[in-house]
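Undergrad: I need the structure of the sequence given here:
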Amino acid sequence: MYRPVPVTQLGHYKPMISSQEYNEAIIVIHSILQMAERLFPGLMFLLNNILSGVFGEHSGPLMTVRVGDLLFEGVSICKDPGLIGLIVCSQIASIGANVRNLEVLDDGSLRFAVLKYKNDTVSEKYVVSRGLKDPRQMGIIASYNNSAFLTNWVNWMNDSGDVTPSTCNMVNGTDSGVFPPFVDRSSPVFALNTDICRSAELRYQYDSEYEGIPVARFSANEWFLDNEAGCFCLNTTTGITKEDGCLKKGAMELYSCVGEYFLYCRLNVL
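TA: Numbers count the residues shown, from 1 in each chain. Okay, here's the model as predicted:
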């Protein structure tokens, strides 16, 4: 086993592997506005009159924004809120203090970006197998952030009240940068994705080729967001849940991973 030295993370846009251009405008749910409506229903009568001051051009439930702004450069809010708007902005800033995607600027305004917080930050420590004794263990993560388990999801509790780590919190597989040799196509492989705080199950799809090298393609498809494992159910988001409080198939709550009221979902859910 070896412990890699933590590295400074830097995010870069790669057009060749991206589905949208950096400057392309896309339409997304205005999550900050949704958060304000959910947390401060008593202030909505005020907010309706000051939407443009608080949210600027993005004052509706959906916003049109550049891919680059949404991911890295940031979407500005509370730049000119006015006296009443300051009340709402102070509440948003207070709630957003623990949200990694929301940044308070020197002038008091706020900036939201999905991935900007990762730039110039040091990664957590991994303990990884080099596969010297067993090549099938090469790249397998033994611990992440000094633990063999995550803490983002619901754990199991037996009748005696004893709590044990759930399968949702297990650190499985590699970091996706390398996979062990001698792949068994009949078995899934796992990759820890720290952006969504879970290990993704990848299943064999078909044989392919990369620059003349034969490869086996594994991917995460419909089962990835089926929510059949109850430990992913945080019962926080409303409106698209089943009777047991779990999100419907195709969506995943990220509240405990990146902060309040963020969802990872397929397009058909929206």
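Undergrad: ok, and for the longest strand along the chain, which residues are buried?
TA: As assigned by DSSP state E, the longest strand anywhere in the chain is strand 198-210. Residues 198-204 are the ones in strand 198-210 that count as buried (16 or more other C-beta atoms under 10 Å). In short, each C-beta sits where N, CA and C put it, glycine included.
Undergrad: Pick the one among those residues closest to residue 247.
TA: Nearest to residue 247, judged by C-beta to C-beta, of the buried residues of strand 198-210 is residue 198 at 14.0 Å.
Undergrad: And the contacts of the longest strand of the chain?
TA: With contact meaning C-beta atoms under 8 Å, 6 or more residues apart in numbering, strand 198-210 is reached by 150, 152-153, 168, 170-173, 185-186, 188-193, 214-221, 223-224, 232, 257.
Undergrad: Tell me the buried residues within the residues you listed.
TA: Applying 16+ other C-beta under 10 Å to the contacts of strand 198-210 flags 150, 152-153, 168, 170-173, 188-192, 218, 224, 232, 257 as buried.
Undergrad: List the contacts of residue 244.
TA: 230, 233.
Undergrad: is it true that it lies in a strand?
TA: No - secondary structure of residue 244 (DSSP: H, G, I helix; E, B strand; the rest coil): coil, not part of a strand.
Undergrad: For it, report the pLDDT, please.
TA: pLDDT for residue 244: 71.
Undergrad: Likewise for residue 6?
TA: 54.
Undergrad: just residue 116 next, same as before
TA: pLDDT, residue 116: 80.
Undergrad: sec struct for the residue nearest to it when sequence neighbours are not counted, please.
TA: Using C-beta to C-beta, 6 or more residues apart in numbering and skipping residues adjacent in sequence, the residue nearest residue 116 is residue 72, 5.3 Å away. Secondary structure, three-state DSSP: residue 72 is helix.
Undergrad: what about residue 72, distance to residue 112?
TA: Here residue 72 is placed at a distance of 11 Å from residue 112 (C-beta to C-beta, to the nearest Å).
Undergrad: Between those two, which has more neighbouring residues?
TA: residue 112 (22 against 18; other C-beta atoms under 10 Å).
Undergrad: Got the phi and psi for that one?
TA: Dihedral pair for residue 112: phi -110, psi 130, per degrees, to the nearest 10.
Undergrad: so who does it touch?
TA: Contacts of residue 112 by C-beta under 8 Å, 6+ apart are 31-32, 74-75, 77, 101-103.
Undergrad: The residues you listed in helices, which ones?
TA: Among the contacts of residue 112, the ones falling in helices (DSSP state H) are 31-32.
Undergrad: Now, of the contacts of residue 112, which are buried?
TA: The neighbour count (16+ other C-beta under 10 Å) marks 31-32, 74-75, 77, 101-103 as buried among these.
Undergrad: Which of the residues you listed sits closest to residue 131?
TA: Of the buried ones among the contacts of residue 112, the one sitting nearest to residue 131 (C-beta to C-beta) turns out to be residue 101, at 36.1 Å.
Undergrad: Name the residues of stretch 159-166 that come out as buried.
TA: So stretch 159-166, judged by 16+ other C-beta under 10 Å, has buried residues 165-166.
Undergrad: Give me the next element, helix or strand, following the longest strand of the chain.
TA: The helix or strand immediately downstream of strand 198-210 is strand 213-219, counting by DSSP states H and E.
Undergrad: can I assume residue 257 sits in a strand?
TA: No - counting by three-state DSSP, residue 257 falls outside a strand, being helix.
Undergrad: mind checking how far it is from residue 57?
TA: Relative to residue 57, and taking C-beta to C-beta, residue 257 is found at 29 Å.
Undergrad: got it, and residue 80?
TA: Counting by C-beta to C-beta, the gap from residue 80 to residue 57 is 12 Å.
Undergrad: How about residue 28?
TA: Separation of residue 28 from residue 57 (C-beta to C-beta): 14 Å.
Undergrad: who's more crowded, those two?
TA: residue 28 (15 against 11).
Undergrad: my guess is the more buried one contacts residue 65, does it?
TA: Yes - with contact defined as C-beta atoms under 8 Å, residue 28 counts as touching residue 65 (6.5 Å).
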